[in-house]
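Chemist: Build me a model from this:
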Amino acid sequence: MGQPGTLSWTWALCAFVSWAHVGQAGPGPQYLVAVPAVLESGAETKFCVSVLELTEPVVVNVTLKSTAKSATLMSLHTCIQDVHTCIAFSVPVVTNEEVMDFQVKVEGSGFQSEEVRKVLIRAYKPQTFVQTDKPIYLPRQQVHFRVVTLDSKLRPASKLYDIIELEDPSGNRIGQWLKTNSDNKILQLSYFLSSEAREGIYKITVTMGESKVYYTFTVEKYVLPKFDVTIKVPDEVSVGDESFEAQVCSKYTFKQPVPGRVTVGVCRPPLGHFHGSPLIRVAAHIDESNSHDDTNPVCHSETKQRELS
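Modeler: So this is what the prediction gives:
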């Protein structure tokens, strides 16, 4: 509480604080009215009133005024009891923003107090967004996209879209939807690309009166990423070695590592066939059922899991 006429701003709240003296030495009735300093146009909001230390009934009138009109938000007749209440009201609709007077008047049989403060009423326009299910398409694929308009509380709002257009890279209109209403939902639409669809950037345009929203996606003939595999092994390995190191490296064509599982098999040629035969080779399919037969290769395989760090 403060002296008559004190204005307190905390967390965007405009508070009216005052108390009246009626010639006595002791304090008289006190009152507090709190209202947001910025109000949303057309929204439901509330202000709170507290009247304390009453010695007689009083009347509290709260009015919202502009240069063109005024609206009485509350007329409260109190008894000789403390009052704490919150009143809901509809904020006047404005085009952009407007400053209005928030007037509080407290009247009793022996005193009168009046305070006026400025509040800002601002119109928050809904925002419209467009989104496709992926950024790149192939010819003959179906383009799924959605249009949504959100209010100031991020809820789907009802919006009439005058025209929704789809243009190819040459600016030709290849699809359109007329007078479509969202009905407080997310609008789901789709379009089939022909097998001869031009490669390039396609544009979706959503028109609502004088405002427009744009979104683009790409059509191109792409292929899934390919990768190469390289194997590094020693040129020679001694028959006395219990192990040797082999490196298997796999990278995409754009030089990024490939996650996955690799199986490496090593075989020693059968006895009597060392001349002109490689000492070590990688086997894709390995059969160890005859590994103890000197007339068949001796093989060993291991599997490793490669994870991206």
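Chemist: How much space separates the residue nearest the centre of the chain from Val93?
Modeler: Closest residue to the average C-alpha location of the chain: Leu154 at 9.4 Å, with C-alpha atoms, centre = their mean. For Leu154, the distance to Val93 (C-beta to C-beta, to the nearest Å) stands at 21 Å. Placement of C-beta: from N, CA and C, glycine included.
Chemist: what do you get for Ser195?
Modeler: Distance of Ser195 to Val93, computed by C-beta to C-beta: 51 Å.
Chemist: try Val35
Modeler: For Val35, the distance to Val93 - C-beta to C-beta - is 18 Å.
Chemist: So these two - more neighbours on which side?
Modeler: Per other C-beta atoms under 10 Å, whichever of Val35 and Val93 has more neighbours is Val35, with 23 against 11.
Chemist: Would you list the strands that the helix or strand hosting that one pairs with, along with their directions?
Modeler: Using DSSP states H and E, Val35 sits in strand 30-36. Sheet pairing of strand 30-36 (DSSP bridges) gives strand 13-19 (antiparallel), strand 44-52 (antiparallel).
Chemist: Mean pLDDT lowest where, among the ones you listed?
Modeler: With a mean of 41, strand 13-19 has the lowest mean pLDDT of the strands paired with strand 30-36.
Chemist: which residues of the stretch 51-200 of the chain score low on pLDDT?
Modeler: Counting by pLDDT under 70, the stretch 51-200 of the chain has low-confidence residues at 79-80.
Chemist: Surely Ser170 touches Ala197?
Modeler: No: contact criterion C-beta atoms under 8 Å: Ser170 and Ala197 do not qualify, at 11.5 Å.
Chemist: more crowded one of those two?
Modeler: Ala197 (21 against 8).
Chemist: From what I see, the more buried one and Asp168 are in contact.
Modeler: Yes: applying C-beta under 8 Å, one finds Ala197 in contact with Asp168, separated by 7.5 Å.
Chemist: and for the two, which residues touch both?
Modeler: Common contact partners of Ala197 and Asp168 (C-beta atoms under 8 Å, 6 or more residues apart in numbering): none.
Chemist: what about the strands in the stretch 151-300 of the chain?
Modeler: For the stretch 151-300 of the chain, the strands defined by DSSP state E, counting those that start in this stretch occupy 160-167, 173-181, 187-192, 200-208, 211-219, 227-232, 247-252, 260-268, 281-282, 298-306.
Chemist: for these, which one sits closest to Val130?
Modeler: When the strands of the stretch 151-300 of the chain are compared by C-beta to C-beta, strand 211-219 sits nearest Val130, at 3.7 Å.
Chemist: Name every strand pairing with the closest one and say which way it goes.
Modeler: strand 136-137 (parallel), strand 200-208 (antiparallel).
Chemist: Dump those strands into TSV; add mean neighbour count as well.
Modeler: Shown next, in TSV, are the strands paired with strand 211-219 (neighbours: other C-beta atoms under 10 Å):
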stretch	mean neighbour count
strand 136-137	16
strand 200-208	17
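Chemist: Ok, which of these comes nearest Glu302?
Modeler: When the strands paired with strand 211-219 are compared by C-beta to C-beta, strand 136-137 sits nearest Glu302, at 38.7 Å.
Chemist: who touches that closest one?
Modeler: Here strand 136-137 makes contact (C-beta under 8 Å, 6+ apart) with Val143, Leu193, Phe217, Thr218, Val219, Glu220, Tyr222.
Chemist: Kindly report the same for stretch 152-167.
Modeler: Against stretch 152-167 from outside (C-beta under 8 Å, 6+ apart): 40, 43, 124, 126, 128, 143, 147-151, 173-187, 189, 191, 202-209.
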